[in-house]
Structures are given as C-alpha cells and as structure tokens.
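Trainee: Mind looking at a prediction? Sequence and model below.
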Amino acid sequence: MKKLSNQVDLSVIIVNYNTKALLKQCLDSVFRSVGVAIKVYVVDNASKDDSVTMVRRDFPLVTVLENRKNLGFSKANNQALRLVKTKYALLLNSDTIVLPETFKVMTDFMESRPELGVSTCRVELPNGKLDRACRRSFPTPARSLWHMLFLAKAFPRSSFFAQYNLTFLPEEGTYEIDCPMGAFFLVRKEAMDQVGLLDEEFFMYGEDIDWAYRFKKAGWKIMYHPATKIIHHKKASWGAKSNPRLVKEFHRAMHIFYHKHYSLVYPRWQTKIVMVGINFRCWGALVLNRFKRG
C-alpha cells in the first residue's frame, strides 16, 4: 500500500458498479504510482459483489462513498468531486490499469501548460489498440452523420469524414482535442470551480462530452498527451452493447446533449430530423439486439 504524503496533489475518483476483481486490479495499479501524492475515492453504486468490503479490507487509505442504489456515473462522480481539495482531480474507470508513471507524467504536463483545464493520456484497449473515444471532436450533426453512415470508417484518413474520432491524426502526437472520455479525465480544480460539476441529467454516457464542451466554452484548453497510457477493459460494469438499459441511456444522452448545446444553434427543422434519427437508431439497435438474442 502506498503511503500518502501530507501534501495531496491529485484526487483520483473511481466509480464502481459490480467490478470487484477489476476494481482491485485498478487500485493495485493506482497505489503503485510514483511521483505524485494521491487521495483516492471509490464511489460504489450499490454493487452486489462485495466490492466495498474488498476495498475497505485491502485499501484502508481509500475513502469509500457507498450508495444504496445506482445513482449513475455523473451523480456518483460529483459526490467525490465535491470533496476535492487538491489542485487536480481525475475521473478514472474501475476497469482500467494505470502505469506507475502515468499520474506524474500527466500532472507535470498540466503544470507546464496553465491554459489547460483538462487533459488525457493514451487510453489503450487490452489488444494494444487505441480506444478511439479517448480523443474526440464534439458530435455536431455532420460529424455524427458521417460516423453513423460509416463514412468515417471507410475514410479514416480524411480530415472531413473522420473528424469525430480524429483517426486522421497520429496516435503518438500531442495536440488539442474537443473531449476525452470519462475513463481518464484529468481536470484542473481551478477550471472545475469555474465550470461546475458534471451535469446529473446524464445517467451514463454523454456527461464527459458535455463537461468538456463547458470547459471549452469557458476558454480552457483540452489536450491529448500520449506520453503515457492506461489500459481500458471497456464496458466491464454494464456488459455487452446488447444491454437494453445501456442502449437507451446511450441514445438518451444524445437527446440531452443536442437540446442543451445545439437546439439554439441549428434550425428547428434540423433539430426535428436529428431527434427522429436518434429515436430510429435507438429502436433499430434494440430490435437488432433482441433478434440476436433469439
């Protein structure tokens, strides 16, 4: 167990929902980190796999916030974010593994660039490939359309069609992006105090994009810095994409984000078309998943 110093530099916030084994693996990696004093919070969303018992037994330095029901990603993170006193806060998924130097590399990067409100490292899948969601552009109607029509996949090197996942940019480069993903979302507390916490209207999905949008709107920069990485075991808490709750929340997040940030930007007729498109996409995904399950 890593001993914390008197001066805490980074608060690490992990929301957990029935990922006991992965959470233990994640916390083991977190406490092997070097060069940065850390304060760790685990917010448990009513897990039924004895996650809380494990954390309290094996990681006594962790502050555990235990919920009686699943409050979702935004509300759970906000519970810990309200307690943060450190210069930086990190949203970290329970299904990730952190390299020993990751926190040091990323906080040093933030220290060197005071204009940064948010940053992220390379988020890598277990197969070694980049989790493309870790460096994205905001989902404008055009970018979302190219993505849903698979034109971004067909032309991954096109700066026109592949803007959403930025596949035309080198994975090893450091550059400004619109938003990272909630699996590794490093925030400067000064910026957070200005922008506010996560929007709790989002239960799961979309809250990271919304937060990033608000940081950018407030004038803070967001950067992707792949000088270090984490490993991400994706969707461990909620299972496969066939989970109906997951499908519905994914598309509900699209509705919320569009109405909040784009409904006054684009003409009303376009908003109606987008809403119909989102509903149709959700319906199609639910029907397809039911068909696959037989």
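Mentor: Looks like it came in fine.

Trainee: so where's the longest helix in the chain?
Mentor: Longest helix in the chain, counting residues (DSSP state H): helix 268-293.

Trainee: Identify each buried residue in it, please.
Mentor: For helix 268-293, the neighbour count (16 or more other C-beta atoms under 10 Å) marks 271, 274, 278, 281-282, 285, 289 as buried. In short, each C-beta sits where N, CA and C put it, glycine included.

Trainee: next one: stretch 140-152
Mentor: Here stretch 140-152 shows 140-141, 143-147, 152 as buried, counting by 16+ other C-beta under 10 Å.

Trainee: Where is pLDDT lowest across these?
Mentor: pLDDT across the buried residues of stretch 140-152 is lowest for residue 147, at 81.

Trainee: Return the residues in contact with the closest residue to residue 270 other than its chain neighbours.
Mentor: With C-beta to C-beta, 6 or more residues apart in numbering as the criterion, residue 270 has its nearest non-adjacent residue at 6.6 Å, and that residue is residue 141. Contact analysis of residue 141 by C-beta atoms under 8 Å, 6 or more residues apart in numbering lists 262, 266, 270, 274.

Trainee: I'd guess residue 229 is in a strand, am I close?
Mentor: Yes - applying DSSP: H, G, I helix; E, B strand; the rest coil, one finds residue 229 inside a strand.

Trainee: which SSE is the nearest residue to it once chain neighbours are set aside in?
Mentor: Computed as C-beta to C-beta, 6+ apart, the closest residue to residue 229 that is not its neighbour in sequence is residue 122, at 3.9 Å. Taking DSSP states H and E as the criterion, residue 122 maps to strand 116-124.

Trainee: need the next SSE after that strand, C-terminal direction.
Mentor: helix 141-148.

Trainee: just how off-centre is that next one within its chain?
Mentor: Put simply, helix 141-148 sits 21 Å off its chain's centre (C-alpha atoms, centre = their mean, to the nearest Å).

Trainee: quick one: that helix to helix 268-293, angle?
Mentor: Helix 141-148 runs at 20 degrees relative to helix 268-293, counting by axes from the mean of the first three to the mean of the last three C-alpha atoms, to 10 degrees.

Trainee: And for the following helix or strand past helix 141-148, what's in contact with it?
Mentor: Counting by DSSP H and E, the next helix or strand C-terminal to helix 141-148 is helix 151-154. For helix 151-154, the external contacting residues (C-beta under 8 Å, 6+ apart) are 146, 158, 161-165, 167.

Trainee: now the residue nearest in space to the middle of the chain, what's its secondary structure?
Mentor: In the chain, the residue lying closest to the centroid (C-alpha atoms, centre = their mean) is residue 182, at 0.9 Å. Classification of residue 182 using three-state DSSP returns coil.

Trainee: shouldn't it be in contact with residue 93?
Mentor: Yes - the pair formed by residue 182 and residue 93 meets the contact definition of C-beta atoms under 8 Å, at 7.0 Å.

Trainee: and residue 89, what element?
Mentor: Here residue 89, judged by DSSP H and E, is contained in strand 88-92.

Trainee: among the contacts of residue 141, which two are most distant?
Mentor: Farthest pair in the contacts of residue 141 (C-beta to C-beta) is 262 and 270. Separation: 8.9 Å.

Trainee: any idea how far residue 269 lies from residue 199?
Mentor: Distance of residue 269 to residue 199, given as C-beta to C-beta, to the nearest Å: 27 Å.

Trainee: just residue 276 next, same as before
Mentor: From residue 276 to residue 199 the distance is 24 Å (C-beta to C-beta).

Trainee: ok, the closest residue to residue 133 other than its chain neighbours - contacts?
Mentor: Of all residues not flanking residue 133 in the chain, residue 181 sits nearest, at 4.5 Å (C-beta to C-beta, 6+ apart). With contact set as C-beta under 8 Å, 6+ apart, residue 181 has these partners: 120, 123, 131, 133-134, 136, 208.

Trainee: mind running it again at 7 Å?
Mentor: By C-beta atoms under 7 Å, 6 or more residues apart in numbering, residue 181 lies in contact with 123, 133-134, 208.
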